[in-house]
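Colleague: have a look; sequence and predicted model below, questions after that.
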Amino acid sequence: MILSASVLVLTLAQQPAQGFDHLKHKALFPSCTSCHAGAAQQGASLWPDPVSCTACHDGTIEKAVVWRAPAAPRRSNLRFDHVEHAAKAKDQPASCTACHTLAGEPRMAVREPVVQRCFDCHGIRTAHVAAPDSACTTCHVPLARAASLTRADVAGFPAPPSHAAPDFLSRSGHGATSRQALGTSCATCHAREFCYQCHAGSAPPRAIASLASDPRSAAILARAAPASHDANFADRHATVAAASTTSCTSCHVRADCLECHRPSAGARGAGYHPDGFLARHPASAYAREASCSDCHNVGSFCTSCHARAGLVAAGVLRSGYHDARQFFLAGHGQAARQGLESCVSCHAERDCLTCHSAVGGRRFNPHGPGFDAARMRRKNFAMCTVCHGAAVP
Amino acid sequence: MKHVVVLLVLFNSPLVAQGYRLRLDGRFQAVGYRGVQLDSIPATDTVAGPGSGPTTPDGFAVRCPSGAPYCLFFRPGAVQRGAPFVTTADASLWGFGVRGVSAHATARAAVDFTGSDAWPGTEPAIQLLTGYVEYNAERLTARAGRQLNSNRLGMIGFDGASVTARDGRHGLDVSLYGGWGLARGAALPVTSPALNPIDDFEPGKRQLLLGAEVGWSGRLGDVRAEYLREVDPASDYFVSERVGVAGVARPAARWSLSAGADYDLAAGWWGSAEATLGYSARSATSSLGIRRYRPHFDLWTIWGAFSPVPYTAVQGQVSIRALPQVQVRARGEHYRFSDADVSTPLVSVEQAGWRGELGVTASPAPAWTLDAGYTREFGPGAASVGTSASVTYAPAGPYAITLHGAAMDRPLELRFSESVLHLYGVDGRYEVNPDIRFELGAVRYAEDRRRPDAAAIDWGQWRVTVRAVLAIGSGDDLGRLPPAVRRMPGGRAER
């Protein structure tokens, strides 16, 4: 699959030159290793000593220059070591120009390593990122071992041509390739997190777990949110979710649902309710557009605001809330049975028991359609005694 | 037996986590609005108001309790100010030495800097929403601690244990859970004084809870059944006992039929139910369904004995992507309450209602989103009609800004409180990186309350919000991953 050789070499080749004109100095330096000793001697610095420059560039003979060797090794995912490579390639014409110049160029026309020269020696007859899957590991370590690369470096990996094939995203495309080369070539550019951008569902291919974990791999964006997840998706996601639960579970787990579908008491910003819901919540709450009490405890949530707005009863008959109905108290039965949850966000039991109690009240019967006295008595006799005392009928 | 051994090993291992993720979501708000002050006046000092009802001499409508020598009314009070700071922490720990074992906690700390208690949910200051240890294997999930179980019976919070066994090959799962229950809609026990400022019959002990679920999931549908009973340990009486069943059938691509119902075994009546036919395609989604809603009350209150009646509704919604950049939406619902079986000759209230919305969202350019909507609701108790619009500019960079506004009439049925409300505000977001985000918002509610007396106390107010979200963990740079993976301890390999 993703072999690619999305290699840093190519990235580095596009980096600006460092300013030293090798060709201009070709007469001064007959040997590369006189400045770059590390290319031939294990442990020596690959960079020249700045002092050697000041022999000429002292401000008198030549203008002074200020240069310092890079403090850190170059960011790379190459498995290349100059000395080891020279030792292994002893049967090849190993020279600096073999990698650092184009064919036919003079010795000091050096540049960043030329990938094609590597391919020439290693018998690879393609362009860099089009190299066969088996070739990546020749030069590159897996991403998880290329510790010096940044997220930006990873994001800049070029995609090989194979990834643009129409069926690449199918099982016969990258699926088949990954079964052959997941742990080797794919791992050059990718790690587990990259795969999980799509294979996040309840049953991702087990092979993914064989890849190393490296969050930097998610810098290569495999997939954005689906087109369906637009601005108003939250309002209508129920239909989509019911149509294909497995689609949702590709990216979501139950905990994601609980971000909104949980008791939250105003702790979050954009959540379950749409913007401006606070302003229109009376109409929605009276007839329970949703089941408010699933998430909001009436006693702790509604009451605190309603009290400050003067909406909570200070006691029976004292509220003054229902001031648009002169005789509301005498005819509140229908409203109460229809919107009992709204009533109890302001009224306590004692308000109602003043009249609706067989003990000390005015004996108005509150029981209505569907009331099963025998069952409720059996389930919770204590509730019956609140109004009836010990003489429950 | 294998799993038991694992658990024994766990609890004999040093609990040193090798990996963690922590998400902190801090939100500060400032709000100020006109308060009210309860006042009274001798009944003999009232005068006839414009509506022929009694008022104070300076024009406040009063309510005079029958036989009482005085009448009550609300005057404008001091400005109420609130400055709540709410922080939610969501943490996962894993790597305790046993594969599949992890710990999770979600806690919230809330404080109102003004000390005015003007914000809901700030008492108690620290609340544990969930906090449990989990062992997760392919066929078994076991949890112990504070958990939140969401099913068609509602949000079931409890302190206890749960076990889920599953047969993925056949799509079957069975769950059993139990413990000491939490109050509905809160992360607090029902004995907490924070929950009971107006109720009279607060239980002395937390209810014991036992629930079971069984589900089947297949290519053509899902079915799920649930049972839940809650018992007051002080009296051994039931607090609630319910069963529910829900299912989804997917007979053809893009089509679904979902349905569910619950039955209150304690009260002996059907609770809520629904059936919805849905269609979902790339360019359009729609649904048509019926539903019935009846509130559920625990038996430690007396409200269930007052026979709340259900309503039955017909509802539908459609969303169509008319053009690649334009999506239109519409939804509506009509509902009617069952006969309440009461005679109220002096007061008639609405028995039916409806609600609807029309809206359009357009993206004329990649960074721009325009949205406009019209909503209308009418029903028992309250109504509203209003328009809203927003403009969002969200370039590919780290920030986004939204301007929004709305206008709304919202009359009430039982109260002289018709008002016209204008709402306008701005929201901004700056994302430093996928793990650090800041948000700033301000909104103005400008209300013109139209009462026929002097008590037209407007509710106009400013609300300012500052929010910061920080995610840290032993695996960095996770922001681009799907939500499911970001939450996953140690990635899939741990599961």
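Modeller: It's in.
Colleague: residues touching A:Cys35, list them.
Modeller: A:Phe29, A:Trp47, A:Pro48, A:Ser52 (Cβ atoms under 8 Å, 6 or more residues apart in numbering or on different chains). Quick note: C-beta positions are derived from backbone N, CA and C, even for glycine.
Colleague: what's the separation between it and chain B?
Modeller: When distance is defined by Cβ to the nearest Cβ, to the nearest Å, A:Cys35 is 38 Å away from chain B.
Colleague: what's the pLDDT at that residue?
Modeller: If you check A:Cys35, the pLDDT there is 86.
Colleague: repeat for the one 4 residues further on
Modeller: Predicted confidence (pLDDT) at A:Ala39: the value is 84.
Colleague: what is the burial count for it?
Modeller: 17 (other Cβ atoms under 10 Å in any protein chain shown).
Colleague: quick one: contacts for it?
Modeller: When contacts are taken as Cβ under 8 Å, 6+ apart, A:Ala39 is in contact with A:Cys32, A:Thr33, A:Leu46, A:His82, A:Val83, A:Ala86, A:Cys96.
Colleague: how about the helices in the stretch 151-300 of chain A?
Modeller: A:151-155, A:176-181, A:187-189, A:192-196, A:233-243, A:245-248, A:254-258, A:277-286, A:292-295 (DSSP state H, counting those that start in this stretch).
Colleague: send the alpha carbons of stretch B:357-371 over as CSV?
Modeller: The C-alpha trace of stretch B:357-371 is given here as CSV (Å, rounded to 0.1, in the frame of the first residue of the first chain):
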residue,chain,number,x,y,z
GLU,B,357,-39.5,25.1,11.4
LEU,B,358,-38.4,26.2,8.0
GLY,B,359,-34.7,26.8,7.4
VAL,B,360,-32.0,27.1,4.8
THR,B,361,-28.2,26.8,5.1
ALA,B,362,-26.0,28.1,2.3
SER,B,363,-22.2,28.0,1.8
PRO,B,364,-21.6,30.5,-1.0
ALA,B,365,-17.8,30.2,-0.5
PRO,B,366,-15.7,27.7,1.3
ALA,B,367,-15.2,29.8,4.4
TRP,B,368,-18.7,31.2,4.6
THR,B,369,-21.9,29.7,6.0
LEU,B,370,-25.2,31.5,6.1
ASP,B,371,-28.2,30.2,8.0
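Colleague: related to what we said a few turns ago, could I have the buried ones of the contacts of A:Cys35 as ChimeraX selection syntax?
Modeller: Selection of buried members from those for ChimeraX, criterion 16 or more other Cβ atoms under 10 Å in any protein chain shown:
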select /A:48
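Colleague: mind naming the longest strand for chain B?
Modeller: In chain B, with assignment by DSSP state E, the single longest strand is strand B:19-42.
Colleague: same for the helix or strand just after it, what does it pack against?
Modeller: The helix or strand immediately downstream of strand B:19-42 is strand B:47-48, counting by DSSP states H and E. Taking 3 or more Cβ pairs under 8 Å, 6 or more residues apart in numbering or on different chains; DSSP states H and E as contact, the helices and strands that strand B:47-48 lies on are strand B:54-55.
Colleague: just checking, what packs against the strand it packs on?
Modeller: By 3+ Cβ pairs under 8 Å, 6+ apart, strand B:54-55 packs against strand B:47-48.
Colleague: the strand it packs on pairs with which strands, and in what direction?
Modeller: The strands beside strand B:47-48 in its sheet (DSSP bridges) come out as strand B:54-55 (antiparallel).
Colleague: hmm, who's touching the partner strand?
Modeller: B:Ala43, B:Thr46, B:Val47, B:Ala48, B:Gly49, B:Ala61, B:Val62, B:Cys64, B:Cys71, B:Asp453, B:Ala454.
Colleague: how about the residues of the stretch 101-250 of chain B near chain A?
Modeller: B:108, B:110, B:117-121, B:123, B:129, B:148, B:150, B:154-155, B:157, B:168, B:183-188, B:194-201, B:217, B:222, B:232, B:235, B:237-239, B:241, B:248, B:250 (Cβ under 8 Å from any Cβ of the partner chain).
Colleague: okay, now the domains of the chain?
Modeller: Chain wasn't specified; assuming chain A. Following automatic domain parsing, one gets these domains for chain A: A:1-223+A:244-258, A:284-388.
Colleague: hm, I was asking about chain B
Modeller: According to automatic domain parsing, the ranges for chain B are B:137-307, B:309-340+B:350-467.
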